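S.K.: What shape does this take:
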Amino acid sequence: MKDGKLSGKVALVTGGTSGIGKTTAIAFARAGAKVVLTGRREKEAAGVVADIEKDGGAAAFIRTDVAKDADVKAMVDFTVGKFGRLDIAFNNAGVEWTGPLDQATEAEYRRVFDINVWGVLNAMRHEIPVMLKTGGGAIVNNSSVAGHVGLAGASIYMASKHAVEGLTKSIALEFAKQSIRVNAVAPGVIATDMLDRFAGKEGEMRDSLTSIIPVGRIGAGEEIAAAVLYLCSDDAKFTTGTSLVVDGGYLAQ
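M.R.: Numbering: from 1, shown residues only. Below you'll find the model as predicted:
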């Protein structure tokens, strides 16, 4: 059932085949937007598109590696070709990295920064000119609480998310007078495949993570999607250059 908050809008979601990206793509569609989702897992993407269409929405998928400029240009061109415009972008695609300092290789650094930082910067580089042609738009970059603090044993990942925070603020200022709003969402510990890879689906590590969250539980993808939807809606039309932390109180400690 659509609520109409994004009626007439076209939204793009990178990394939209699973986790927070999938949940947000579905939320956009339920709010009335036409949605293009990207990623590298075509089978999973077909399922997301089918779910949106079954619910009466409009969606399409294009296979995209956000680390590659040609792919990013193609995803924006595809979006405009399919639905005629681009109003909203959730630059969500990202990868994790953990390890001690002596395991921080150049190859791993480049992989994480190519996806988490260049992928976000380059997406905005292609998204914004298209948005300007139709009078503006709203962009949300997926950061993390990792972009606000440090964490031993995750240096490359933490650095990449600090970079996303800086990019968000800088690009927001660069285009503030041209009706382009750029914000970040900073999730805390959220139930996703990435969390399962990092901490397992159960056990000591997952219990330890849960114990440091003041509200006493791990967050849900739908809670991040709600924050992204707010930032992309007219309810947030005076909000740009900020990072909305959704972490169950973790950073308040």
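S.K.: For the residue sitting nearest the centre point of the chain, list the residues it contacts.
M.R.: For the chain, the residue sitting closest to the mean C-alpha position, by C-alpha atoms, centre = their mean, is residue 92 at 2.2 Å. For residue 92, the contact set (C-beta atoms under 8 Å, 6 or more residues apart in numbering) comprises 13-16, 20-21, 24, 142. No exception for glycine: its C-beta is placed from N, CA and C like everyone else's.
S.K.: And the contacts of the helix or strand residue 132 falls within?
M.R.: Using DSSP states H and E, residue 132 sits in helix 119-133. Identification of contacts with helix 119-133 by C-beta under 8 Å, 6+ apart yields 12, 14, 66-67, 69, 72-73, 75-76, 79-80, 85-87, 89, 91, 93-94, 137, 139, 141, 164, 167, 171, 175, 178, 180, 182.
S.K.: Can you list which of the contacts of residue 92 are found in helices?
M.R.: Per DSSP state H, helices hold the following members of the contacts of residue 92: 20-21, 24.
S.K.: okay if I get those residues as JSON lines plus distance to residue 57?
M.R.: Formatted as JSON lines, these follow (distance: C-beta to C-beta, whole Å):
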{"residue": "20", "distance to residue 57": "18"}
{"residue": "21", "distance to residue 57": "16"}
{"residue": "24", "distance to residue 57": "13"}
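S.K.: need those in a markdown table with pLDDT, can you?
M.R.: Listed next are the ones in helices among the contacts of residue 92 as a markdown table, based on pLDDT from 0 to 100:
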| residue | pLDDT |
| --- | --- |
| 20 | 96 |
| 21 | 97 |
| 24 | 98 |
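S.K.: ok, of these, which one's closest to residue 243?
M.R.: residue 20 (15.2 Å; C-beta to C-beta).
S.K.: Would you confirm that the closest one contacts residue 192?
M.R.: Yes: counting by C-beta atoms under 8 Å, residue 192 is a contact partner of residue 20 at 6.2 Å.
S.K.: who has more neighbours, those two?
M.R.: residue 20 (28 against 21; other C-beta atoms under 10 Å).
S.K.: Please report the distance of that one from residue 114.
M.R.: The spacing between residue 20 and residue 114, counted by C-beta to C-beta, to the nearest Å, is 20 Å.
S.K.: go on, residue 179?
M.R.: 30 Å.
S.K.: again with residue 212
M.R.: Between residue 212 and residue 114 the computed distance is 30 Å (C-beta to C-beta).
S.K.: neighbour count winner among these two?
M.R.: residue 114 (17 against 12).
S.K.: which SS state does the residue nearest to the more buried one when sequence neighbours are not counted fall under?
M.R.: Beyond its immediate neighbours in the sequence, the residue positioned closest to residue 114 (C-beta to C-beta, 6 or more residues apart in numbering) is residue 67, lying 4.0 Å away. Secondary structure assignment for residue 67 (DSSP: H, G, I helix; E, B strand; the rest coil): coil.
S.K.: what number of residues lie near residue 67?
M.R.: When neighbours are counted by other C-beta under 10 Å, residue 67 comes out with 19.
S.K.: my read: residue 58 touches residue 82, true?
M.R.: No: using C-beta under 8 Å, residue 58 is not in contact with residue 82, being 9.0 Å away.
S.K.: hang on, the earlier thing: show me the common contact partners of residue 20 and residue 192, please.
M.R.: Common neighbours of residue 20 and residue 192 (C-beta under 8 Å, 6+ apart) are residue 221.
S.K.: Just the strands from the stretch 151-253 of the chain, written as ranges.
M.R.: Taking DSSP state E, counting those that start in this stretch, the strands of the stretch 151-253 of the chain run over residues 180-187, 243-246.
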